[in-house]
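Engineer: pasting the structure only:
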């Protein structure tokens with residue numbers, strides 16, 4: 001065992017679709033990794049929940065697997081654990097930390113009416129100035145107000161409202177905490193004072209200082225693994241646990257943005273787009289900056305897109321049985337097969353355009369009422385045309401974000417892509433051509449969210465003292481994909497129609513939705 005490193009780190013991400021983690025040494029050599037699937041619960045229209053018990057069960061299984069694979073001598077040398085998660089989440093717990101209901105996750109849009117009420121009471125522009133971004137049903141002021149009004153008995157039993165990663169941290173350490181990154185993202189905090197907003201509290205009728213746990217900086221050590229948690233997970237008691245961060249911030253570290261002009265997309269069920277900026281943005285723009293301070297990038301634009309990979313999954317679940325059967329007959333993975341047939345269709349999808357607003361849209365629209373659409377279909381439209389249109393529609397959404405960010409001071413000269421979507425060469429070619437910039441595909445470790453968690457754990461433990469040098473050493477580009485010139489010309493001509501058709505239809509879609517809801521009562 002003389003070749004053992006001195007320091008090891010564990011990073012875990014509790015995402016929407018799975019819990020995954022890795023154990024690596026300080027030089028980025030991965031000793032073990034594991035994942036378990038999370039499941040979404042749909043109790044009603046626009047409602048999306050998950051079980052905190054499943055989260056913890058999956059986390060325990062993942063910890064046990066990676067500790068078993070690594071072995072006891074390595075586990076003894078783990079110097080820190082950091083956990084990130086999907087955000088934002090509303091998980092109410094009692095004084096003992098027991099969940100009182102399923103977690104209402106970021107995708108849930110049931111509290112749209114409450115969001116509009118809060119915005120009306122505060123005044124939209126003033127509300128935006130407080131929270132430093134655009135209101136949306138994804139965030140907590142409206143979710144908490146909905147909970148208070150609709151599930152009053154449970155609300156009265158609520159001791160704290162926790163985030164997904166905070167809940168796993170609690171099960172590991174016994175400490176109820178919240179990291180500053182996710183606290184800011186809740187839209188309950190006044191970004192001008194970095195304190196919970198009294199004005200939002202007054203409208204919601206809830207004392208945020210009481211209902212939210214104590215807030216810690218991302219790299220603060222909040223506690224250590226308890227003997228009870230060690231027995232359940234295979235970890236060693238006493239390992240320091242950091243406050244952690246959202247999967248968004250962790251992704252930025254993992255992708256290695258250190259220079260202005262670099263942008264990144266972390267793409268899975270949803271997408272997170274990051275663009276560096278030399279200056280802080282105004283509060284009232286559709287996408288705002290957050291502090292970053294790595295390399296020459298003091299600020300980062302952080303833009304979530306709701307249903308990127310989820311759009312392909314929707315197609316597969318609802319319309320994709322022929323693709324599933326054909327892929328099986330050819331002995332291929334169905335996603336590989338879909339990528340191949342989409343690549344056979346010319347740019348522009350033979351006149352079919354897809355709008356990926358299947359759960360509304362966050363950046364840059366912040367419109368929970370937006371709807372997914374196929375436009376331009378005819379009797380000649382094929383299944384392959386529809387698939388190509390989905391790839392292109394989600395790429396149009398990325399371009400919409402990038403163009404919006406550029407207008408606010410961001411700079412994007414290349415795009416780093418990571419996550420499950422980076423495995424699609426077809427998608428990457430379309431994005432490179434849609435943006436007319438090179439797309440850089442990162443290696444298997446770089447860009448992986450648990451890798452970013454390991455970097456945060458390493459900072460907290462004092463192992464990494466210069467994050468710029470650490471990122472330059474550990475983050476690697478596997479392949480660079482250049483734009484296809486003929487596709488660039490097509491997308492440049494079509495993009496204005498993507499924007500204008502949404503704008504022209506938006507008000508009619510809202511009226512249609514309201515009429516449909518009235519008829520369906």
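Structural biologist: Looks like it came in fine. The shown structure was predicted, so the numbers you read here are calculated from the model rather than taken from an experiment.
Engineer: what about the lowest-mean-pLDDT helix or strand in the chain, distance to the chain center?
Structural biologist: Lowest by mean pLDDT, DSSP states H and E among the helices and strands of the chain is strand 289-294, with a mean of 83. In terms of C-alpha atoms, centre = their mean, to the nearest Å, the centre of strand 289-294 is found 17 Å from the chain centre.
Engineer: tell me where the stretch 151-300 of the chain has strands.
Structural biologist: Per DSSP state E, counting those that start in this stretch, the stretch 151-300 of the chain carries strands over the ranges 160-162, 177-179, 189-190, 195-196, 214-216, 221-224, 240-242, 245-246, 261-267, 271-277, 289-294, 297-305.
Engineer: how about those in a markdown table, adding distance to residue 207 and mean neighbour count?
Structural biologist: Every residue, glycine included, has its C-beta placed from N, CA and C. As requested, these are exported to a markdown table (distance: least, C-beta to C-beta, whole Å; neighbours: other C-beta atoms under 10 Å):
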| stretch | distance to residue 207 | mean neighbour count |
| --- | --- | --- |
| strand 160-162 | 12 | 25 |
| strand 177-179 | 15 | 26 |
| strand 189-190 | 14 | 20 |
| strand 195-196 | 9 | 16 |
| strand 214-216 | 14 | 17 |
| strand 221-224 | 22 | 19 |
| strand 240-242 | 27 | 24 |
| strand 245-246 | 24 | 28 |
| strand 261-267 | 35 | 26 |
| strand 271-277 | 31 | 27 |
| strand 289-294 | 26 | 18 |
| strand 297-305 | 28 | 23 |
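Engineer: may I see the buried residues of stretch 404-424?
Structural biologist: 404-405, 408-412, 414-424 (16 or more other C-beta atoms under 10 Å).
Engineer: can you check stretch 485-492 too?
Structural biologist: Buried residues in stretch 485-492 (16+ other C-beta under 10 Å): 487-488, 490-491.
Engineer: mean confidence for that stretch?
Structural biologist: The pLDDT scores in stretch 485-492 average 98.
Engineer: and the helices in the stretch 301-450 of the chain?
Structural biologist: 309-318, 321-330, 334-343, 383-407, 425-435, 449-460 (DSSP state H, counting those that start in this stretch).
Engineer: dig out what residue 300 forms beta bridges with.
Structural biologist: Beta-bridge pairing of residue 300, defined through DSSP bridges, involves residue 276, residue 290.
Engineer: what number of residues lie near residue 156?
Structural biologist: 8 (other C-beta atoms under 10 Å).
Engineer: now the closest residue to residue 455 other than its chain neighbours: how far from residue 468?
Structural biologist: Excluding its sequence neighbours, the residue lying closest to residue 455 (C-beta to C-beta, 6 or more residues apart in numbering) is residue 253, at 4.9 Å. As judged by C-beta to C-beta, to the nearest Å, residue 253 and residue 468 stand 11 Å apart.
Engineer: neighbour-wise, which of those two wins?
Structural biologist: Between residue 253 and residue 468, residue 253 has the larger neighbour count (other C-beta under 10 Å), namely 26 against 15.
Engineer: mind listing what that one touches?
Structural biologist: Each residue near residue 253 by C-beta atoms under 8 Å, 6 or more residues apart in numbering is listed here: 294, 452, 455-456, 467, 471.
Engineer: quick check, pLDDT for the closest residue in space to residue 197 that isn't next to it in sequence.
Structural biologist: Spatially, and ignoring its direct neighbours in sequence, residue 197 is nearest to residue 190 (4.2 Å; C-beta to C-beta, 6+ apart). According to the prediction, residue 190 has pLDDT 94.
Engineer: give the contact list for the nearest residue to residue 77 once chain neighbours are set aside.
Structural biologist: In this structure, residue 77 finds its nearest non-sequential neighbour in residue 8, 5.0 Å apart by C-beta to C-beta, 6+ apart. By C-beta under 8 Å, 6+ apart, the residues touching residue 8 are 23-26, 31, 70, 74-75, 77-79.
Engineer: farthest-apart pair in the residues you listed, please.
Structural biologist: 26 and 75 (15.4 Å; C-beta to C-beta).
Engineer: how close does the residue nearest to residue 455 sit to residue 8?
Structural biologist: 18 Å.
Engineer: of residue 26 and residue 75, who's got more company?
Structural biologist: With neighbours defined as other C-beta under 10 Å, residue 26 and residue 75 compare such that residue 75 has more, 22 against 18.
Engineer: nearest residue to that one other than its sequence neighbours?
Structural biologist: residue 67 (5.0 Å).
Engineer: that neighbour: which element?
Structural biologist: helix 52-70 (DSSP states H and E).
Engineer: identify each buried residue in the following helix or strand past that helix, please.
Structural biologist: Moving toward the C-terminus from helix 52-70, the first helix or strand encountered (DSSP H and E) is helix 72-75. Residues 74-75 are the ones in helix 72-75 that count as buried (16+ other C-beta under 10 Å).
Engineer: per-domain residue ranges of this protein.
Structural biologist: Domains of the chain are assigned by automatic domain parsing as 8-248, 257-445+484-521.
Engineer: now for those, which one comes closest to residue 462?
Structural biologist: domain 8-248 (8.5 Å).
Engineer: any idea how far apart the tips of the closest one sit?
Structural biologist: Criterion C-alpha to C-alpha, to the nearest Å; first-to-last residue distance in domain 8-248 is 23 Å.
Engineer: now do the lengthiest helix in the chain and helix 425-435, the angle between them.
Structural biologist: Taking DSSP state H as the criterion, the chain has its longest helix at helix 485-519. Put simply, helix 485-519 runs at 100 degrees to helix 425-435, going by axes from the mean of the first three to the mean of the last three C-alpha atoms, to 10 degrees.
Engineer: coming back round to it: quick one: which of the contacts of residue 253 is nearest residue 233?
Structural biologist: Distances from residue 233 to the contacts of residue 253, taken by C-beta to C-beta, are shortest for residue 456, at 19.3 Å.
Engineer: endpoint to endpoint, stretch 65-76 covers what distance?
Structural biologist: Start-to-end, stretch 65-76 (C-alpha to C-alpha) is 15 Å.
Engineer: same thing with stretch 458-470?
Structural biologist: 10 Å.
Engineer: report the buried residues of it.
Structural biologist: Neighbour-count burial for stretch 458-470 [16+ other C-beta under 10 Å]: 458-461, 463-464, 467, 470.
Engineer: so who does the nearest residue to residue 219 once chain neighbours are set aside touch?
Structural biologist: In space, and not counting its chain neighbours, residue 219 is closest to residue 460: 4.3 Å by C-beta to C-beta, 6+ apart. Shown in contact with residue 460 (C-beta under 8 Å, 6+ apart): 80, 82, 219-221, 240, 242.
Engineer: distance of residue 460 from residue 400?
Structural biologist: From residue 460 to residue 400 the distance is 36 Å (C-beta to C-beta).
Engineer: same check on residue 412?
Structural biologist: 13 Å.
Engineer: likewise for residue 257?
Structural biologist: 20 Å.
Engineer: same deal with residue 180?
Structural biologist: 29 Å.
Engineer: report how many residues lie close to residue 497.
Structural biologist: 14.
Engineer: residue 133 touches residue 187, doesn't it?
Structural biologist: Yes: at 6.8 Å, residue 133 and residue 187 qualify as touching, with contact defined as C-beta atoms under 8 Å.
Engineer: for this structure, give me the ranges with low pLDDT.
Structural biologist: Under the criterion pLDDT under 70, the flagged ranges of the chain are 1-2, 517, 520-521.
Engineer: ok, 80 please
Structural biologist: 1-3, 293, 419, 444-447, 509-510, 512-521 (pLDDT under 80).
Engineer: ranges for the helices of the stretch 51-200 of the chain?
Structural biologist: 52-70, 72-75, 112-122, 124-131, 140-150, 152-157, 164-173, 180-185, 198-204.
Engineer: for residue 392, which of the ones you listed is the nearest?
Structural biologist: Nearest to residue 392, of the helices of the stretch 51-200 of the chain and by C-beta to C-beta, is helix 112-122 at 28.3 Å.
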